[in-house]
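In: okay, structure incoming, though there's no sequence with it:
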């Protein structure tokens with residue numbers, strides 16, 4: 001083979017390799033384009049997911065703000081309830097002291113009532129004895145008045 005034929009074969013070989021390389025490159029570019037399209041679709045999906053997550057985060061932030069307000073209200077309510085409990089405990093102590101005082105007063109009154117009953121019973125007995133004595137005295141005086149009236153009658157009528 002001559003040198004120009006050799007040269008032509010080399011060129012032919014090089015062109016064949018170039019065609020193969022270009023074919024491989026085009027195939028790779030097509031795959032890369034497909035991958036880029038898939039990545040863009042995936043990115044679009046991720047962006048949609050991120051947008052949804054942002055909405056969810058905004059809703060959660062709003063819920064957290066509401067919960068913070070609720071917690072603040074509950075803290076105020078608890079503080080008020082604690083004050084009420086302290087007031088109730090103080091009132092309970094006062095009531096217990098008053099109950100104790102009332103019980104003592106009732107005990108003293110019961111003792112005084114018992115004394116008054118005894119005094120009344122004694123007074124009743126004494127009064128009954130005096131009334132019995134007064135009855136006797138009235139009977140005695142009635143007899144004396146009758147005797148006196150009879151003497152007066154006798155004196156007036158001469159007998």
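Out: Sure thing, it's come through. The shown structure was predicted, so the numbers you read here are calculated from the model rather than taken from an experiment. Residues are numbered from 1 along each chain as shown.

In: okay, the residue nearest to the spatial centre of the chain: pLDDT?
Out: The chain has residue 81 as the residue nearest its centroid, 6.9 Å off, counting by CA atoms, centre = their mean. Predicted confidence (pLDDT) for residue 81: 97.

In: so it is in which element?
Out: helix 3-157 (DSSP states H and E).

In: helices and strands around that helix, which ones?
Out: Packing partners of helix 3-157 (3 or more CB pairs under 8 Å, 6 or more residues apart in numbering; DSSP states H and E): none among the helices and strands. Every residue, glycine included, has its C-beta placed from N, CA and C.

In: so how far is it from its chain's centroid?
Out: With CA atoms, centre = their mean, to the nearest Å as the basis, helix 3-157 stands 0 Å off its chain's centre.

In: ok, now stretch 2-14?
Out: With CA atoms, centre = their mean, you get 101 Å for stretch 2-14.

In: which stretches of the chain aren't confidently modelled?
Out: 1, 159 (pLDDT under 70).

In: mind running it again at 90?
Out: Applying pLDDT under 90 to the chain flags the ranges 1-9, 124, 127-142, 149, 152-159.

In: I'd like to know how far residue 119 sits from residue 88.
Out: 45 Å (CB to CB, to the nearest Å).

In: apologies, that question was intended for residue 34.
Out: 77 Å.

In: ok, residue 144 next?
Out: Between residue 144 and residue 88 the computed distance is 78 Å (CB to CB).

In: just residue 146 next, same as before
Out: Taking CB to CB, one finds residue 146 at 80 Å from residue 88.

In: what about residue 31, distance to residue 146?
Out: 158 Å.

In: now do residue 7
Out: In terms of CB to CB, residue 7 sits 193 Å off from residue 146.

In: next one: residue 136
Out: From residue 136 across to residue 146, the span is 16 Å (CB to CB).

In: residue 19: neighbour count?
Out: When neighbours are counted by other CB atoms under 10 Å, residue 19 registers 10.

In: likewise the one 4 residues further on?
Out: Residue 23 has 10 neighbouring residues, counting by other CB under 10 Å.

In: ok, now residue 53?
Out: Residue 53 - counted by other CB under 10 Å - has 12 other residues nearby.
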